[in-house]
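Peer 1: one predicted model, sequence on top.
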There are 2 protein chains.
Amino acid sequence: MSLIGYYWLMSFDRDHVLHAAADLLTRKATATMEEVARAAGISRATLNRHFTGRDALVRALEELGIAKCEAALEAARLEEGAAAGAVRRLVREIQPCAGLLTFLYSENQLFEGEKQNAGWFRIDERLTGLFRRGQENGEFRIDLSATWLAEALYGLLAAGSWAVTEGRVARNDFTHMIAELLLGGATRRDGS
Amino acid sequence: MSLIGYYWLMSFDRDHVLHAAADLLTRKATATMEEVARAAGISRATLNRHFTGRDALVRALEELGIAKCEAALEAARLEEGAAAGAVRRLVREIQPCAGLLTFLYSENQLFEGEKQNAGWFRIDERLTGLFRRGQENGEFRIDLSATWLAEALYGLLAAGSWAVTEGRVARNDFTHMIAELLLGGATRRDGS
DNA sequence: TATCGATGAGTCATGCATGTCTCACTTGAG
DNA sequence: CTCAAGTGAGACATGCATGACTCATCGATA
């Protein structure tokens, strides 16, 4: 039987472990490897067999976060229709992994010296491109740079994710709160 | 000579140490006590004499952050004039301690189980009150809760502080970027 | 000048997370 | 049934940050 066959024999479910780790680390970024293992329902030995060290685990979570983020970018069809609509679709699609992104966002400062994953650069590019497109077709104001709008979206996702887990805002309002604030701001206007 | 007199004889400058620690920990949240001491220009022994343990240091930084934040709230004269103007004044006043606030904001999750400083509650109250005032006098939209607007301000301050240290936005644009996005959003309108 | 208090440098013990290892047990394939 | 692979539990050594301690030095006061 092939190695691939053996892979499916293992009770170790890499995807499940990664998601459990993401869930826990999102809430408690300083959780120990033992806590992560317990949250995933496996032993610390097994966790260490598949992720040699905390770094490897965080790197794997980074890959997962990038993959989910890029999937959300795809699903949101950023090039389609009005930029504002694309932003709303993006926020809705990205909501499930907002917690993970927030964790990785705060963890990234630890990797500052080292080279960081090129995936974030790709995501930045597409996101910034979306806002730039909105500026060029007259939808978005140009006194706020596209770079800043992308950074602001990250910040609002983090704040929204945090506010939801703290119970300060309802989970169902997540998309609306973030997208509408980013797009329309706090000031009252004709349509609101 | 009184004990107060002796205090001024010491070469230990508590305020200077706290600010140096804030500067360093804002950039590298995992800095060791030795790194903090070196950044403050004192020895690790002296640092430990005045702050028994990392907790005590973080608590002191929390007090400093709260004090600076409340000073900014005072200087911004939140009750005066239009709510939008008050928000702009607040962002401008709070800019110098945005980095410290971001650090404390991310550090707070470590204290989740324990009782947290009542100062943050007071600040939350005043901030939420400002947004509520704006909603009640018709300046701000009411479909975004005042609580969320306050949380969003925290998130934007963190994102802005991070973006500035990363060199993605100019320090001089900090106030404008944050205040205008929070107030007006990304969508273009008559006055922009 | 003599003294008291504070600092700096260094050392030591402790606690904790981490990574590796061994051994017994379970499970599925042959 | 037998065997191989993977897992769980535990033990073990390691590295590192931390906190407490000692001792020599410096500075200001009396």
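Peer 2: It's in. Keep in mind that this is a model prediction, so the values were computed, not measured.
Peer 1: care to break chain A down by domain?
Peer 2: Annotated domains of chain A cover A:1-51, A:61-184 [automatic domain parsing].
Peer 1: quick one, which of these gets closest to chain B.
Peer 2: Among these, the nearest to chain B by CB to the nearest CB is domain A:61-184 (2.6 Å). The C-beta positions use only the backbone N, C-alpha and C, and glycine is treated the same way.
Peer 1: ok, which stretches of chain A are helices?
Peer 2: Taking DSSP state H, the helices of chain A run over residues A:3-9, A:14-27, A:33-40, A:44-50, A:53-76, A:83-94, A:98-107, A:118-136, A:146-165, A:174-184.
Peer 1: same list (the domains of chain A) but as TSV, adding distance to DNA strand D and mean neighbour count.
Peer 2: Output for those, formatted as TSV (distance: least, CB to the nearest atom of the strand, whole Å; neighbours: other CB atoms under 10 Å in any protein chain shown):
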stretch	distance to DNA strand D	mean neighbour count
domain A:1-51	3	14
domain A:61-184	12	19
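Peer 1: figure out which of the helices of chain A is closest to B:Lys28.
Peer 2: Among those, the nearest to B:Lys28 by CB to CB is helix A:98-107 (12.4 Å).
Peer 1: elements contacting the closest one?
Peer 2: With contacts taken as 3 or more CB pairs under 8 Å, 6 or more residues apart in numbering or on different chains; DSSP states H and E, helix A:98-107 sits against helix A:14-27, helix A:53-76, helix A:146-165.
Peer 1: circling back to that earlier point, can you say which of the helices of chain A is nearest to B:Glu107?
Peer 2: B:Glu107 sits nearest to helix A:98-107 of all the helices of chain A, at 10.5 Å, using CB to CB.
Peer 1: tell me the mean pLDDT over that closest one?
Peer 2: The average of the pLDDT scores along helix A:98-107 is 90.
Peer 1: hmm, who's touching that helix?
Peer 2: Contacting residues not belonging to helix A:98-107 are listed as A:22-23, A:25-27, A:29, A:58, A:61-62, A:64-65, A:68-69, A:94, A:154, A:157-158, A:160-162, A:165, A:174, B:106 [CB atoms under 8 Å, 6 or more residues apart in numbering or on different chains].
Peer 1: among the domains of chain A, which gets the worst mean confidence?
Peer 2: Among the domains of chain A, domain A:1-51 carries the lowest mean pLDDT (a mean of 81).
Peer 1: just give me the residue closest to the centre of chain A.
Peer 2: Closest residue to the average C-alpha location of chain A: A:Leu101 at 2.9 Å, with CA atoms, centre = their mean.
Peer 1: what residues are up against A:Ser128?
Peer 2: Residue A:128: Thr, not Ser. A:146-147, A:149-150.
Peer 1: try it again at 6 Å.
Peer 2: By CB atoms under 6 Å, 6 or more residues apart in numbering or on different chains, the contact list for A:Thr128 reads A:146-147, A:150.
Peer 1: got these as a markdown table, with distance to chain B columns?
Peer 2: Below are the contacts of A:Thr128 laid out as a markdown table (distance: CB to the nearest CB, whole Å):
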| residue | distance to chain B |
| --- | --- |
| A:Ala146 | 10 |
| A:Thr147 | 5 |
| A:Ala150 | 9 |
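Peer 1: nearest to DNA strand C among those residues?
Peer 2: Comparing these against DNA strand C with CB to the nearest atom of the strand places A:Ala150 closest, at 31.4 Å.
Peer 1: hang on, that closest one packs against A:Glu125?
Peer 2: No. With contact defined as CB atoms under 6 Å, A:Ala150 does not count as touching A:Glu125 (9.4 Å).
Peer 1: of all the helices and strands packed on helix A:98-107, which one comes closest to B:Thr46?
Peer 2: Here helix A:53-76 is closest among those (CB to CB), at 32.4 Å.
Peer 1: closest one to A:Gln116 among the helices and strands packed on helix A:98-107?
Peer 2: helix A:53-76 (8.8 Å).
Peer 1: does the closest one come close to chain B?
Peer 2: No. If you take CB under 6 Å from any CB of the partner chain as the test, helix A:53-76 misses chain B, and the best it gets is 12.4 Å.
Peer 1: I figured A:Arg132 hits A:Ala146, correct?
Peer 2: Yes. Applying CB under 6 Å as the test, A:Arg132 and A:Ala146 come out as touching, 4.3 Å apart.
Peer 1: on that earlier part again, next, format the helices and strands packed on helix A:98-107 as JSON lines and append distance to A:Leu47.
Peer 2: Formatted as JSON lines, these follow (distance: least, CB to CB, whole Å):
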{"stretch": "helix A:14-27", "distance to A:Leu47": "7"}
{"stretch": "helix A:53-76", "distance to A:Leu47": "8"}
{"stretch": "helix A:146-165", "distance to A:Leu47": "24"}
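Peer 1: what would those helices look like in JSON lines with distance to DNA strand C?
Peer 2: As requested, these are exported to JSON lines (distance: least, CB to the nearest atom of the strand, whole Å):
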{"stretch": "helix A:14-27", "distance to DNA strand C": "11"}
{"stretch": "helix A:53-76", "distance to DNA strand C": "2"}
{"stretch": "helix A:146-165", "distance to DNA strand C": "22"}
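Peer 1: quick one: closest of these to B:Asn48.
Peer 2: Of those, nearest to B:Asn48 by CB to CB is helix A:53-76, at 27.4 Å.
Peer 1: what sits up against that closest one?
Peer 2: Contacts to helix A:53-76, defined as CB under 6 Å, 6+ apart, come from residues A:18, A:22, A:51, A:86, A:89-90, A:93-94, A:97, A:100-101, A:104, A:117, A:119, A:123, A:126.
Peer 1: and the angle from that helix to helix A:33-40?
Peer 2: 40 degrees (axes from the mean of the first three to the mean of the last three CA atoms, to 10 degrees).
Peer 1: how about stretch A:131-145 and chain B, any contact?
Peer 2: Yes. Using CB under 6 Å from any CB, we find that stretch A:131-145 touches chain B at A:140-141, A:144.
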